[in-house]
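>>> Structure, please.
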Amino acid sequence: MLIPSQIEMFHRNGFLNGGRIFNDNELEELRADLDHVLKKGPDGFTPDEPQPVLFRDMGSRDGKGGAHPVWQIVNIWEAAPAFGRLIYHPLIVKGISQLTGASDLMVWHDQIQYKPASDGGSTRWHQDAPLWPIIRPMTPVSAWIALDDADEENGCMWMVPGSHKWGNQIEFLRTQHHLTQREEFMDIEGFSPQDDAEIRTVEPRPWPVKEGEVSFHHSMTWHGSPFNRSNRPRRAIAIHYMTGEARFVASGEHVMKRFVELEDGAPMAEAGAHFPSVCRNGEPVGVPARLRASESNEGVRA
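Have a look, this model is predicted:
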């Protein structure tokens, strides 16, 4: 569980390192499942097998793979057993509950962001919540888990302290999309926070996260990551959660919209199996029996 000083730090800055929560064996299991999915590729799944919702290179126009790829895999939890268990991890779920103050939580979606060694691309400066217009109120906090050490050399995330309290600035951040390299990533220009903001200076900082650690960030915190020019990959997964207050906004568009068969304004808690409940009345629900069974079967096969 997070302690009060950590929660206070999160609310001030908009991000927090929650520490290491995975051992080497657990990390290796996640990496192995990810490698299996990556080897299949976007077109390697048959219609009758579990598969991600989206598999694309964010760095290329056609999503098929360009010179500087950032591979995005949305809802890998639906295609890989280790990630299916990950979304229920009690320390992650409890941390999200503490930071949001919400007693009920569902998964909005997850996403792998994999930057290959040497030529991995940039994830431009952005805020998360404005990119998710089919839910309201905004999904408040995400968990970002490093499967490799993520540092300045291989394209770790950068954060701007206090930016989660500056409102929706996604259009301004799009004017900063020319910033892609480590040497220039801090050079955000042309924005001044409001006079009554708790933090009134724009000071981007690198946010290294070691393998097996979980980093939490607010969905309005400015963040992004530069190119990976190192000889090491940068594999990570973000899990985005919704609170029990989340409602469907029919006018918005998002890749997850096709799985929502609700009336406008209906509770996302009723949206179905693609948005599983992970916390009820303030307590993590735990890994479902069917996924615990798959874990045992994997052990037998090994």
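>>> Give me the neighbour count for the residue lying closest to M220 once chain neighbours are set aside.
Nearest residue to M220 in three dimensions, chain neighbours excluded: H164, at 4.2 Å (C-beta to C-beta, 6 or more residues apart in numbering). The C-beta positions use only the backbone N, C-alpha and C, and glycine is treated the same way. Other residues lying near H164 total 26 when counted by other C-beta atoms under 10 Å.
>>> ok, now D24?
Applying other C-beta under 10 Å, we find 9 other residues in the vicinity of D24.
>>> Pull up the per-residue confidence for it.
Looking at D24, its pLDDT stands at 96.
>>> distance of it from L91?
Taking C-beta to C-beta, to the nearest Å as the measure, D24 and L91 are separated by 17 Å.
>>> Also E263?
Using C-beta to C-beta, one gets 35 Å for the distance from E263 to L91.
>>> Next: G252.
Computed as C-beta to C-beta, the G252 to L91 distance reads 31 Å.
>>> what do you get for F83?
Relative to L91, F83 is positioned 16 Å away (criterion: C-beta to C-beta).
>>> Show me which residues of stretch 210-224 are buried.
Across stretch 210-224, burial judged by 16 or more other C-beta atoms under 10 Å covers 211-224.
>>> Among the residues you listed, which lie within strands?
If you go by DSSP state E, the buried residues of stretch 210-224 have 213-218, 223-224 in strands.
>>> before we move on, the earlier item: give me the more crowded residue out of F83 and L91.
For the pair F83 and L91, the greater number of neighbours falls to F83 (23 against 16), based on other C-beta under 10 Å.
>>> Now do the same contact list for the more buried one.
By C-beta atoms under 8 Å, 6 or more residues apart in numbering, the residues touching F83 are 30, 33-34, 76-77, 110, 237.
>>> go again using 6 Å as the cut-off
F83 sits next to 76-77 when contact means C-beta atoms under 6 Å, 6 or more residues apart in numbering.
>>> a helix runs through it, doesn't it?
Yes: note on F83: a helix contains this position according to DSSP: H, G, I helix; E, B strand; the rest coil.
>>> mind starting the numbering at 23 from now?
Will do, 23 is the new start, and the previous item becomes F105.
>>> Could you report the pLDDT at it?
Model confidence at F105 (pLDDT) stands at 98.
>>> do the same with the one 4 residues further on
Per-residue confidence (pLDDT) for I109: 98.
>>> State the number of residues packed around it.
I109: 24 neighbours (other C-beta under 10 Å).
>>> Equivalent analysis for P215, please.
18.
>>> Give me the distance between it and I221.
Applying C-beta to C-beta, the value for P215 to I221 is 7 Å.
>>> what does P72 give?
Distance from P72 to I221, counting by C-beta to C-beta: 43 Å.
>>> who's more crowded, the two?
I221 (17 against 12).
>>> Might you report the residue contacts of the more buried one?
Each residue near I221 by C-beta under 6 Å, 6+ apart is listed here: 183-184.
>>> was I right about F297 contacting M128?
Yes: under the criterion of C-beta atoms under 6 Å, F297 makes contact with M128 at 4.9 Å.
>>> Other residues contacting stretch 61-79?
With C-beta under 6 Å, 6+ apart as the contact definition, stretch 61-79 has outside contacts at 85, 87-88, 91, 93-98, 100-101, 277.
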